[in-house]
Structures are given as structure tokens and as C-alpha cells.
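Just need the structure, nothing else, for what follows:
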Amino acid sequence: MAPSFSILIPTRDRASTLGACVETCLAQEYAALEVIVSDNASGPETAEVLARFSDPRLKVLRQDKRLSMRANFDVLANAATGDYVIIIGDDDGIMPGAISAMARYLSENDVDVLNWPGLVYSWPGVLAPGVGLMDFKIRRLFGTLEHIDPQERFRRLLKGRLRTYLDGSNLYHGCIKRSVIEASKAKAGHVFPLHVPDVYACMGFLPYARSMAYFHHPLSIAGVSGASHGFSYQADIDPETGKREPTPAERFALEANADPVVARPYNPYLRSTQYHAAISLLHASTLLGREAELDLDAWVEIIIAEARKFCNLTQVIPTLDPGFELDRRLIARIEREGAALNVEPVPVVGKSARRQRFGRLLLRSARAGEDTVMTAFRTLELLLGKPTIASASTMARTLRWLALRTKSATIRFREGKT
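Residues are numbered from 1 along each chain as shown. Prediction:
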């Protein structure tokens, strides 16, 4: 029997990108699909954008009071009815034919978690003024289908042998069977019990999965816009009052710390996603009585390797809680090394410039004067067609990449370094 799918989209005051995001979802030629948008107390522009759609597969949930990100994700997950659940952001998209490809594969294979790399689309103004760009990398395209033991992967994550949360069970730009999510919720009390829901999903859902696959080809479009959290550290000045309004990052921290579900405060000063991955692993392993398996010292090294690139670690010490074991070990490690940790490591020289140029393409996405994730969708349909989830040989992968480069010659593009 063909599975059903729920695509979940949390949004807040991003009407400029939301419409195109929803359009890529509703462009999927698959009937057993629901697209659920949770409007987190946005202004009227969001409702106006959503009112343009008449597709019965679209469902809109309106929150009258602003929720934390965790709570908004929870609302969406609890509303899902599909056999499989996918979450994307409101500046992201679904690749052409992706849901049908997932349905064919999952109807023939009993897989609880299906993950893939997103194809990055930078909205106009992010990489170039007024220009949107699609980022193609050969290592993320036309690849193999890898079968993974989720239990072994969880053990390796506990030991710090895998160094990123993205090695877990991605729900954000990933697909997870709803029964796995429900099993985790039954243990944790909430679908997302911690502040950073996408990171928790990678760690917290994994031990409840029986099977997992990774398809080395994009099934979704990872949008990067001026409203993305990665760009949210710039201050906004209200032109009428002259006062600086809280940035999205600051609002996230304020709302996270007002969320009564999560007891531990959110720390906005230690800028490390892997810190939240370690907290998620600690939470998930404690629920299962497996906290002794977590190698905190290994995760301290992973956290420091990332955080030293983005913040002064010695200045972060006062924001850490010495009564929390992970923070205590971080403090000890930072104090032991001192200022030396604030010097970025010398980058390792990788592939030659020629190989880098061969393995990457940046293509413009504008069509007929429009430049959104939906125009990227249409261009991707021309360039890549619709996917089939199956393994490909190295030779086949190289040939398809060469064909893409040839076909892209009809589109204005520029090459860049990785």
C-alpha cells in the first residue's frame, strides 16, 4: 500500500518566502499528501499569502499567541496524520517529483528513516545582490543509497565517534515514520522536549528506529534567505523610533527561556549546534537508562572544535552552569587551554583548485523576472528531472554530472570554489 506523507512548515512573518515554499510542496503530483503550515502569530501578510492557495492538501494552523520554536514544531508534529513526516523551513522547498520517489521506495522497503542532502538555494541578496543561486556539488548528487543500522549509529553518536548531529535521524529535510516519532513522544512526554527541535529529532528519535537509509542525492531544497537564523545576528533598527528591535536569534532565546516545558535555560552565547546535540543525546540516553554510555569528554572536544570558530570561549565561561556536568567539563577544558582555544586552527589544504571547480556549479535561478525557491524548482526539474531512489555506480555518477554541466551551459552560471 502506498504511504501517506505530511510536510510540516513552521512559519513566522516570512510571507516573502513562504508562498514559493508552499508552491513547491503542492507541485508534488501525489494525492496522499498533506502540507501543514503553522502560522506562529504572524502579521496579516502570512494569511494573505496562504489564502491564495485552494489545494485541499494544504492545512493552515493559526497560533494567536507567539510560541517558542519548540512549541510550534510540537503543534505541527501532533497535527500530522501521514505515515511519514517531513519538516522544512518556510524559505525551503521540496525537489520536483520527490514525494512520488519516496512513496515508490518506501512502499517496497520497510524503512523508518530516510535522509538525504539538501540542495542549497540562496535567495537573492545572500550571495549576490538581487540574484538567487543554486549550489550544485558532485558529492551531493547522483550518489548511492546507503543502508544504516540506526542502533549502531546511536551507539557511535553516544561515544562521539560521529562528529555531527546530522549523522542522526533528520526530520528537518528528512523523512521519518510517524510511529517512530510517536514512540519517542511516549517516552519523552513531548515530540520535541528540548529547545532546538531539529537537533533533538536527530538524536532523540534515532534509538526508536529499526531501519534507516541515506540517499546521496537531494530530495529537498535548503533555502538560505535574509530571514534565516544564520543571518539573524544583525540588529534591526525601527525607522520610526530609532530603537533596535530584537533579532530573530534574540527572540528565539527569549521565547525558548519562557517555554515552561524545558527546564534547562537556552544559552545563546555558546554558539555551537553540537552543544545542543550533546544535550539531546544526554536527554535521550537518560530516558532509556543509557546515560552511562555517553562519552561527555568526546563531545566536549566536538563542541569546542565548532564553537571556537564563532565565539570567544573564555568569555563564554560565565554563561555556563558548573552544576551541569557537560558545562562543568567544558569550563575545565576551556580553563586548561585558556586563550589558545580562541585561535582558529590552520585549515587543512584539501583538493586542488581545478578539482574544486570541476565538482561545483553555481547556477542562477531567475525565470521570467522571478527569483524564488519555486523558480529554482522549475530549473531543477529541467536540469535533474525527477529522482529515483536507488544506488548509482561511480561511473554513472560522473557521467550524470558531466551531462548536468553540459545542460547547464544553456543557463547563465558561474563556477566557484568549495
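
Surely residue 71 is within a helix?
Yes. Inclusion of residue 71 in a helix is indicated when DSSP: H, G, I helix; E, B strand; the rest coil is applied.

isn't it right next to residue 259, touching?
Yes. Residue 71 is in contact with residue 259 according to CB atoms under 8 Å; the separation is 6.1 Å. Quick note: C-beta positions are derived from backbone N, CA and C, even for glycine.

more crowded one of these two?
More crowded of residue 71 and residue 259, by other CB atoms under 10 Å: residue 71, with 25 against 17.

where in the stretch 201-350 of the chain is pLDDT low?
Applying pLDDT under 70 to the stretch 201-350 of the chain flags the ranges 227-246, 339-340, 342-350.

Please, where are all the helices along it?
Assigned by DSSP state H, counting those that start in this stretch, the stretch 201-350 of the chain shows helices spanning 248-257, 273-287, 296-307, 313-316, 325-337.

Likewise for the stretch 1-150 of the chain?
15-26, 44-50, 69-79, 98-108, 150-158.

Now mean pLDDT and distance to residue 172 too, for the ones you listed, in a markdown table please.
Shown next, in a markdown table, are the helices of the stretch 1-150 of the chain (pLDDT from 0 to 100; distance: least, CB to CB, whole Å):
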| stretch | mean pLDDT | distance to residue 172 |
| --- | --- | --- |
| helix 15-26 | 98 | 14 |
| helix 44-50 | 97 | 20 |
| helix 69-79 | 97 | 9 |
| helix 98-108 | 97 | 15 |
| helix 150-158 | 97 | 17 |
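
mind checking which of those helices is nearest residue 398?
helix 98-108 (21.8 Å; CB to CB).

Which secondary structure elements does that closest one sit against?
Secondary-structure packing of helix 98-108 (3 or more CB pairs under 8 Å, 6 or more residues apart in numbering; DSSP states H and E): strand 5-11, strand 113-115.

could you check the angle helix 15-26 makes with the first one?
By that I understand strand 5-11. Interaxial angle of strand 5-11 relative to helix 15-26 (axes from the mean of the first three to the mean of the last three CA atoms, to 10 degrees): 180 degrees.

Please shift the residue numbers so they start at 54 in all later answers.
Got it, the first residue is 54 from now on, which makes the last one we talked about strand 58-64.

Partner strands of strand 58-64, with direction?
strand 86-93 (parallel), strand 137-140 (parallel) (DSSP bridges).

Outside of that strand itself, list whatever touches it.
71, 74-75, 78, 83, 85-93, 95, 99, 122, 125-126, 129-130, 132-143, 147, 152, 155-156, 228, 231 (CB atoms under 8 Å, 6 or more residues apart in numbering).

let's see 7 Å
71, 74-75, 78, 85-93, 95, 99, 125-126, 129-130, 133-135, 137-141, 143, 147, 152 (CB atoms under 7 Å, 6 or more residues apart in numbering).

Please check those residues and keep the buried ones.
Buried members of the contacts of strand 58-64, counted by 16 or more other CB atoms under 10 Å: 71, 74-75, 78, 86-93, 95, 99, 125-126, 129-130, 133, 135, 137-141, 143, 147, 152.

Tell me which of the helices of the stretch 254-403 of the chain sits nearest to residue 165.
Here helix 326-340 is closest among the helices of the stretch 254-403 of the chain (CB to CB), at 15.8 Å.

Export only the CA atoms of the closest one, formatted as CSV.
Extracted C-alpha coordinates of helix 326-340, given in CSV (Å, rounded to 0.1, in the frame of the first residue of the first chain):
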residue,chain,number,x,y,z
THR,A,326,24.9,23.4,17.4
GLN,A,327,26.9,20.4,18.6
TYR,A,328,26.4,21.6,22.1
HIS,A,329,22.6,21.1,21.6
ALA,A,330,23.3,17.7,20.0
ALA,A,331,25.2,16.6,23.2
ILE,A,332,22.3,17.9,25.4
SER,A,333,19.9,16.0,23.2
LEU,A,334,21.9,12.8,23.4
LEU,A,335,22.1,13.2,27.2
HIS,A,336,18.3,13.6,27.4
ALA,A,337,17.5,10.7,25.0
SER,A,338,20.0,8.3,26.6
THR,A,339,18.8,9.2,30.2
LEU,A,340,15.2,8.4,29.1
